[in-house]
Every structure is written in structure tokens, then in C-alpha cells.
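Enquirer: When you get a sec, could you give me coordinates for this:
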Amino acid sequence: MTSRALQRIQLPPASVVIAGIVLVVILLLAIFTPLIAPIDPRNVSSYSLVDMEIPPVFMDGGDPRFLLGTDNQGRDLVSVILFGLRISILIGAGAVLLAAVIGVALGSVAGYFGGIIDTVVMRIADVLVSFPTILVALLVSGIARAQLGPETVSTWAPVILIFAIAVNEWVQYARTVRGSSMVEISRDYVRAAKVIGLPSSRIMLRHILPNVMSSVMVIATINLAGAILTEATLSFLGAGMPATYPSLGTLIRIGNEFLFSGLWWIAVMPAAVLVILVLAVNVVGDYLRDRFNPKLMAN
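Expert: Purely as a prediction, here's the structure:
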């Protein structure tokens, strides 16, 4: 076996392995939250105001029933954080998926056909990329809240957030796929497919798209952390998930109101989980980016 082949099967660094394990554990906790969480924070009858503001179990006054303490409503923080974690991951993953679908579709069409289609798509992308993602997301979320009633916004808050985040994030996918598609259409196998009369849609889907998906997957992994942070920022600013069905950002916003009154755990605990989640995703994403970078693999 050659040295290059040995390099390709080299095990990832310990930090990447640890981050991967942490990420898998977090995802499993999010998936099985209804089975793991001691209470359902959405069900008012499952908690009591008598248990409000109990500190974590490792502090004086802690209760063994509540490992991380309770919030100002008497809800078990472990349960609230698990449900908030699940919502944050779902919204972040949904936004990344929607942005990837839009970006891959527009990038493929722009790269394959070129001309006026390429010009229009790329100029739209240039306009969007000139605005910060959080600003565009706030604008879209604000318009939705202004046009819809409070009950409708509360019901459709996850969908609104997914769309608000994806509006700006598709640009990176479109640019990457466009560049890769322009390289692929100059190859002999694409020219041969055109010569035998295959339709353009089939050439893009069956021949070009599979060769650019590795880059798309790496971008999606890296952007997942950014999407989760954007959702947390929107929720912290009050433009995200409602307090009745909170995400991690909403929990941090609620806890921030009690931070200087001594109830630090209400804000710090969900913030710590958010940091761990984003850090794990970033470490895994950076490894995948380096691993599947053709320039690095060629060395």
C-alpha cells in the first residue's frame, strides 16, 4: 500500500473523534427527547410553581429531582434544555436543507446553461451576500410577524425561522455548485452525453450533480453551526421561537432576565449546551472540509 493510500485511511485526530462522539450523543438526545426528558415543559400540569428557582443539585438548596435546577416557572431545566436543543437542531437542519436545495438547483442551472441565466442568478446572489445573514433573517421574520397574527406566528414560528435563515444562506451553495458545474461540463463524459442527445435535466442530475455533492455536504456541515447560532440570536432578540415552545436561544433570553438576581443557572446551562453543540459541529465540519478538499488530498 502506497504512502498516499495510508494517508487517506489515517484516523482523524483525537479532538475530532471526541467532537464526533459528542455530536452523536447530542443528536441521540434530541431524537429521543420525549422518552428521556423527566417532564414535558409544554404540558403545564407536569410542573409546579412550588418547585420554581431551585438551584442545581451541586449547590446548596439543590434537589436531587432536578439535576440542573429549575427555572422561574418550576420547570426542570434538564427537560427544558432537551426540548430546546431538539428545536434548535431541527430549525438549523431545516434551514441548511432548504438553503442547500435552493442553492444546488440555482447553481446547477447557472453553471450548466450560463449566459443570461448565470448573470441573473449570480447578481441576485451578489446582492444578498452584501447583507449580513442576521439582518436578512430579522427582516424576513419581521415582515412575517407584521403580516400574520400572533397565533399564526406562534404556530408557524419554526417554518418562518427556517425560511428566514435560508433566504441568505443558499448563496454559498449556488456559487460552489456553479463553479464545479462549469468544470464538469467541459469534461469528455458530459460532452459525450450531449452528443448522444440526453436531456439537460438528466445530464445535470445523473452526471454532474453526483460529482459536486461532496463539496455541498461539507458546506452543509459547516453551515449547520451558523444556522443554529442564527436561530439562537433571533430567539434571544425576541424574533424567534415563542416562550411557550422555546429553543436554546429563547431559554437564554428568559434566563438573562434573572442573571443578575442570582439565578444564573437559568441562562448559563442552556448557553453551555449551545456552545458545546456549535463547537462539536464546527470541529467535525472543519475536519470534513480538510478531508474532502481536493487540493489537500492531492498533496
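Enquirer: ok, residue 32 - how many residues close by?
Expert: Using other C-beta atoms under 10 Å as the criterion, residue 32 is surrounded by 12 other residues. (Each C-beta comes from the backbone N, C-alpha and C, glycine too.)
Enquirer: Ramachandran angles for it?
Expert: Main-chain torsions, residue 32, degrees, to the nearest 10: phi -100, psi 20.
Enquirer: Show me which residues of stretch 176-193 are buried.
Expert: Of the residues in stretch 176-193, 176-178, 180-182, 184-185, 190, 193 count as buried by neighbour count, 16 or more other C-beta atoms under 10 Å.
Enquirer: Averaged pLDDT, that stretch. What do you get?
Expert: Across stretch 176-193, pLDDT averages out at 82.
Enquirer: just stretch 21-31 next, same as before
Expert: Stretch 21-31 shows a mean pLDDT of 93.
Enquirer: any residues touching it, and which ones?
Expert: Contacts to stretch 21-31, defined as C-beta atoms under 8 Å, 6 or more residues apart in numbering, come from residues 36, 82, 85-86, 89-90, 276-277, 280-281, 284.
Enquirer: and if we set it to 7 Å?
Expert: 36, 82, 85-86, 89, 276-277, 280-281, 284 (C-beta atoms under 7 Å, 6 or more residues apart in numbering).
Enquirer: Look up how far residue 42 lies from the closest residue to residue 277 other than its chain neighbours.
Expert: Distance criterion C-beta to C-beta, 6 or more residues apart in numbering; nearest residue to residue 277, sequence neighbours excluded, is residue 26 at 5.7 Å. Residue 26 is 21 Å from residue 42, where distance means C-beta to C-beta, to the nearest Å.
Enquirer: Which one's more surrounded, these two?
Expert: Neighbour totals were compared for residue 26 and residue 42, and residue 26 leads with 18 against 13 (other C-beta under 10 Å).
Enquirer: Could I get the phi/psi values of that one?
Expert: phi -60, psi -40.
Enquirer: Also residue 71?
Expert: Main-chain dihedrals, residue 71, degrees, to the nearest 10: phi -100, psi -170.
Enquirer: Could you pull up the contacting residues of the residue lying closest to it once chain neighbours are set aside?
Expert: Excluding its sequence neighbours, the residue lying closest to residue 71 (C-beta to C-beta, 6+ apart) is residue 266, at 5.0 Å. For residue 266, the contacting residues are 71-72, 254-255, 258, by C-beta under 7 Å, 6+ apart.
Enquirer: ok, of those residues, which one's closest to residue 169?
Expert: residue 254 (26.9 Å; C-beta to C-beta).
Enquirer: Using the three-state scheme, assign the closest residue to that closest one other than its chain neighbours.
Expert: Once flanking residues are discounted, residue 254 sits nearest to residue 243: 6.3 Å by C-beta to C-beta, 6+ apart. At residue 243 the chain is in coil, as set by DSSP: H, G, I helix; E, B strand; the rest coil.
Enquirer: Looks like residue 243 contacts residue 252 (just checking).
Expert: No - look at residue 243 against residue 252 with C-beta atoms under 7 Å: they stay out of range, at 11.9 Å.
Enquirer: Those two - which one has more neighbours?
Expert: The residue with more neighbours, out of residue 243 and residue 252, is residue 252; 24 against 13, by other C-beta under 10 Å.
Enquirer: so which strand or helix has the more buried one?
Expert: Secondary structure assignment for residue 252, by DSSP states H and E: helix 248-256.
Enquirer: Going by neighbour count, which residues in that helix are buried?
Expert: 248-255.
Enquirer: Give the buried residues for the helix or strand hosting residue 23.
Expert: For residue 23, the host element (DSSP H and E) is helix 14-31. Going by neighbour count (16+ other C-beta under 10 Å), the buried part of helix 14-31 is 16, 19, 22-23, 26-27, 29-30.
Enquirer: likewise stretch 70-82?
Expert: By 16+ other C-beta under 10 Å, the buried positions in stretch 70-82 come out as 70-71, 73-82.
Enquirer: Report the mean per-residue pLDDT for it.
Expert: The model assigns stretch 70-82 a mean pLDDT of 89.
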